[in-house]
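1. I would like the atomic coordinates for the input below:
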Amino acid sequence: VLARCCRYTYPSIQTNTRRMSVTQPLLGGGGGGGNQPLMGEAPSSSSSASSTYDPSNIFKDDKHTINRRKDNHHDRREDGYQDIINNNNSNNNIGEEGNNNSASMTDKDQRFVPSGFAGFMFYFKLCSFWFSDCLVLGSLVTVVLPSQIASIVGDDQKEKYNGIIPSLGAFMCLIMTPVAGYLSDHTSGRFGRRRPFILSGAMIATLFLLGCMLFSSSSPFWSVWLVAVGLLGVQFGMAWSSGPYAGLLPELVPDEKFGVASGYMAFAGACGQLVGALATGFLITATPGSFLGAYIFLAGILLVGATPTLFVKERHMSYIQPASFESFIKSFYLPANLYKNFYWILLTRFLFDMAIYAVLPFFQFFLHDIINIENPEFYSAMMVVIIVVSSIPSSLIAGPLSDRLGRKLMVYISTSIIALSMVVFVFLSFNPSIKFTLVIAGFVGMGYGAYQAVDWALALDVLPPNADIAKDMGIWNIMFVLPQVLSPLISGFVLSYFRNLGDLKQGYTVVFSMTAFYLLLATIFIRPVNIKTKQQLLQINAVE
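-> Down below sits the predicted model:
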C-alpha cells in the first residue's frame, strides 16, 4: 500500500530495487520478476532499463486501460481468498474427488458466528432442535417408558422388559442415523441439505408418539410389544432428523468456537431433559395409569422445538457428489492415518455412555425397591431434575474453558466425579437415604455436564478437513446409541438374575460397580488423543 501511494503521489521517487523494482506490476499482469511496464509506460526493449520512473508517462494511459486495470484490482480484492483456496486445493486434488474437497474447503472457510444478540439468536436456532430431541428421548428413557412398561407387565418382569424394549428402539436409531446423515451429505435442493430431513423426521416421530399414548395399565400383557413398535417408529423419526442435524454445527461454526458451541448444545440438552423430566413426571403422577398427557406433551414439544432450526441458513455448497450405495459402503472405511484420534473419541464416548445407560433407566426401580420410596415416578423425575440443574453451570463453564485448557482435562474431571458417585450409590444400596441419594445425584449432574460440554467439540476437533461431516457424525452418534442397546440389556439381566436370587441389593452393587469400571476405561482411552487448543487453532488459521 505504501509503495502504491508513493508511486502515484510522488512519481519521481527512486525505488530501491533490492526491495521492489518500480517496474514490477502492482495493479496488473503476472509475476516473473522481469522489467514489466507500469501504467502508462512503454515496454522496455532492454532488460537493463532504468528503475527511475518518468512522471510524464502517468498521463499517457488511455481511459479504457485505466478502467480495465481498476476493475481487475477490484475483482482481486473481492476474490483473493477464494482464488488462493481454489488454487491450493486444485494443486492437491485431482478429478471429481478433488473438486469435492475444494468445494468443501471453500464453504468451510465461510463459517462465521455473529456477535451480540445476533449471535445469541444464531445459537438459539441451531440448538432448538437439540433441546426437543433431548427432551423427548430423555423423558422416554428415564420416566415414561419405565412407568408404562411396569404398569403393563407388573413388578416381577419390569427390569427384563425395560432392558429389552428401549434396546430395540436404540437399535433402529443405530441403523438409521448414519444412513440419514450420508443421504443428507449428498443431497442438494432449494431448502438445503439438512432441514428437509429434520422436518420429515420430526413429523414421523410425532405420529408414533401419539400412537404410544393408547397403551396404559389396563392394556393386556401382549400390548407391551405394541409399545415396542411405537418406540421403533419414534426412534426412526428421531434418527432421520438427528443424523443430518449433526452436520449443521461443523458447517456453520468456526473451529476455534467449537467449545463454545458445544457448551450451548450441552445447555440446550440439559434444559430439554430438565423440562421433560418435570413435565412428564407431573403428568404421569397426576393421571395414574394413563400416559395420554405425557405423550401429547412430547409430540407437541418436538414439533415446536424443531421449528426454529428450520430457519437456520445453511451454507451453499458449490459441489455435492451424488449418493450411491457403493460410496455409502466405502464411506464407513475410515483410514487409520486420518481417523486415529477419531477412533479413540468413539471408544471413549461409547464407554462413557455405557456407564450412563447402565443406571439411568433403572433409577426409578432403585428408588422403589432399594431406597423404599412409595412414589418412585415423582422422585425419579426429581432425581433427573437435580442431575440436569447441576449439569447446567458445569456445562456452561467447561465448554469455553476447554477451548483454552483442552478437552481431555474436562473428561478426566467428569469421569472421576461420576465414578466416585457410583461408589457412594453402592454404599446407599445397604444404607438407604433419599436425601443423600438426591445430593449424590447433584454430583452426577456436575460430572455429566462437564462431559456434555465437550462432547460435540471432541469429535469435531479430530475429524479430517474433507470428511463427510454428517455421515461421520452419524457414526459418532452410533457410539451414543449403541450403549442404549447394550447397557440396559446387561443391567436388566443382571438385576433380574439377582431378583430371582432374592438379593436385589447385590444386583445394584454389581451394576454400580460396572458403571465405575466403564468410566475408568473411558479415562484411560482418552489419553492418546491429540486435540488442539483454541490458541493452536488460531495460529493454524493465521498461517492458512
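2. averaged pLDDT, the helix or strand harbouring residue 366. What do you get?
-> Element membership for residue 366, per DSSP states H and E: helix 363-369. Confidence over helix 363-369 (mean pLDDT, whole number) is 87.
3. kindly export it (C-alpha atoms) in PDB.
-> Extracted in PDB, the C-alpha atoms of helix 363-369 (Å, rounded to 0.1, in the frame of the first residue of the first chain):
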ATOM      1  CA  PHE A 363     -33.100 -45.200  38.800                       C
ATOM      2  CA  GLN A 364     -36.900 -45.400  39.200                       C
ATOM      3  CA  PHE A 365     -36.800 -49.000  40.200                       C
ATOM      4  CA  PHE A 366     -33.800 -48.300  42.500                       C
ATOM      5  CA  LEU A 367     -35.700 -45.700  44.400                       C
ATOM      6  CA  HIS A 368     -38.700 -48.000  44.800                       C
ATOM      7  CA  ASP A 369     -37.000 -51.300  45.600                       C
END
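4. list of residues touching stretch 406-413?
-> 259, 348, 398, 401-402, 447, 450-451, 453-454, 457-458, 461, 522-523, 526-527, 529, 531, 533 (CB atoms under 8 Å, 6 or more residues apart in numbering). Backbone N, C-alpha and C define where each C-beta goes, glycine included.
5. should've said stretch 228-236
-> Counting by CB under 8 Å, 6+ apart, residues outside stretch 228-236 touching it are 136, 140, 145, 164-166, 168-170, 172-173, 176, 201, 204-205, 207-209, 211-212, 215.
6. just the buried ones from these?
-> 136, 140, 145, 164-166, 168-170, 172-173, 176, 201, 204-205, 208-209, 211-212, 215 (16 or more other CB atoms under 10 Å).
7. that older thread, so which elements touch the helix holding residue 366?
-> Other elements packing on helix 363-369 under the criterion 3 or more CB pairs under 8 Å, 6 or more residues apart in numbering; DSSP states H and E are helix 145-153, helix 158-185, helix 376-405.
8. pipe the ones you listed into CSV and attach distance to residue 309 and mean pLDDT per row.
-> Below are those laid out as CSV (distance: least, CB to CB, whole Å; pLDDT from 0 to 100):
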stretch, distance to residue 309, mean pLDDT
helix 145-153, 25, 84
helix 158-185, 14, 79
helix 376-405, 20, 81
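9. after the helix or strand bottoming out on mean pLDDT in the chain, which helix or strand is next? Please name it.
-> For the chain, using mean pLDDT, DSSP states H and E, the weakest element among its helices and strands is helix 95-108, scoring a mean of 39. Counting by DSSP H and E, the element after helix 95-108 in chain order, helix or strand, is helix 116-139.
10. that following helix to helix 158-185, inter-axis angle?
-> Per axes from the mean of the first three to the mean of the last three CA atoms, to 10 degrees, the angle that helix 116-139 makes with helix 158-185 is 140 degrees.
11. buried residues in helix 116-139, which are they?
-> 122-123, 125-139.
12. look up how far residue 269 lies from residue 397.
-> When distance is defined by CB to CB, to the nearest Å, residue 397 is 16 Å away from residue 269.
13. higher neighbour count, the two?
-> Between residue 397 and residue 269, counted using other CB atoms under 10 Å, the more crowded position is residue 269 (26 against 15).
14. quick check: which element contains that one?
-> Applying DSSP H and E, one finds residue 269 within helix 258-286.
15. residue 338 now?
-> Going by DSSP H and E, residue 338 is part of helix 336-359.
16. now do residue 226
-> helix 223-245.
17. CA atoms only: put that helix into PDB for me.
-> Extracted in PDB, the C-alpha atoms of helix 223-245 (Å, rounded to 0.1, in the frame of the first residue of the first chain):
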ATOM      1  CA  SER A 223     -49.500 -54.800  24.200                       C
ATOM      2  CA  VAL A 224     -46.100 -54.200  25.600                       C
ATOM      3  CA  TRP A 225     -44.800 -55.300  22.200                       C
ATOM      4  CA  LEU A 226     -47.000 -52.700  20.500                       C
ATOM      5  CA  VAL A 227     -45.300 -50.100  22.700                       C
ATOM      6  CA  ALA A 228     -42.000 -51.500  21.300                       C
ATOM      7  CA  VAL A 229     -43.300 -51.000  17.700                       C
ATOM      8  CA  GLY A 230     -44.300 -47.400  18.600                       C
ATOM      9  CA  LEU A 231     -40.900 -46.800  20.100                       C
ATOM     10  CA  LEU A 232     -39.200 -48.200  16.900                       C
ATOM     11  CA  GLY A 233     -41.200 -45.600  14.900                       C
ATOM     12  CA  VAL A 234     -40.200 -42.800  17.300                       C
ATOM     13  CA  GLN A 235     -36.500 -43.700  17.100                       C
ATOM     14  CA  PHE A 236     -36.700 -44.000  13.300                       C
ATOM     15  CA  GLY A 237     -38.000 -40.400  13.000                       C
ATOM     16  CA  MET A 238     -35.500 -39.100  15.600                       C
ATOM     17  CA  ALA A 239     -32.600 -40.800  13.800                       C
ATOM     18  CA  TRP A 240     -33.800 -39.500  10.400                       C
ATOM     19  CA  SER A 241     -33.600 -36.000  11.900                       C
ATOM     20  CA  SER A 242     -30.600 -36.200  14.200                       C
ATOM     21  CA  GLY A 243     -28.200 -37.700  11.600                       C
ATOM     22  CA  PRO A 244     -28.400 -34.800   9.200                       C
ATOM     23  CA  TYR A 245     -28.700 -32.300  12.100                       C
END
